[in-house]
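Student: Mind folding the following:
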Amino acid sequence: MDEIRKAMLEALGEPGAKANPIVQIRLTCASDIQDLWYLRGDVMGVLADFDGEAIAKSKIAQISAMFQGLLPPGLHSRPSPLAN
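Tutor: Numbers count the residues shown, from 1 in each chain. Alright, predicted model coming up:
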């Protein structure tokens, strides 16, 4: 879990953390893997603002892969209908 948290905070970066301190706090204080899973959307929003949506999606996809085998059944990424 700590590796995922670290990856998410690194993706957020200093500019993202300064612009969105609530997201940084929520990442830092997340108490379980599910909390981090649900924070991916918040991180995606920050990344899209700074880097554009395509780069943000790529970074979130890499982070999402780190959750493999750690989530309860039913929690997983679903393919985007716009991905094609």
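
Student: Mind checking what secondary structure Gly13 has?
Tutor: Secondary structure for Gly13, judged by DSSP: H, G, I helix; E, B strand; the rest coil, is helix.

Student: Would you mind measuring from Gly45 to Gly74?
Tutor: 24 Å (C-beta to C-beta, to the nearest Å). C-betas here are computed from N, CA, C, even on glycine.

Student: swap in Gln34?
Tutor: Distance, Gln34 to Gly74, by C-beta to C-beta: 11 Å.

Student: Those two: which has the busier surroundings?
Tutor: The neighbour comparison of Gln34 against Gly74 (other C-beta atoms under 10 Å) goes to Gln34, with 14 against 5.

Student: Okay, and the more buried one sits in which element?
Tutor: If you go by DSSP states H and E, Gln34 is part of helix 33-51.

Student: which residues sit in contact with the residue nearest the centre of the chain?
Tutor: Central residue check for the chain by C-alpha atoms, centre = their mean: the C-alpha nearest the mean position is that of Arg40, 2.8 Å away. Neighbouring residues of Arg40 by C-beta atoms under 8 Å, 6 or more residues apart in numbering: Met8, Ile60, Ile63, Ser64.

Student: out of these, who's nearest Ala17?
Tutor: Checking those against Ala17 with C-beta to C-beta, the nearest one is Met8 at 10.8 Å.
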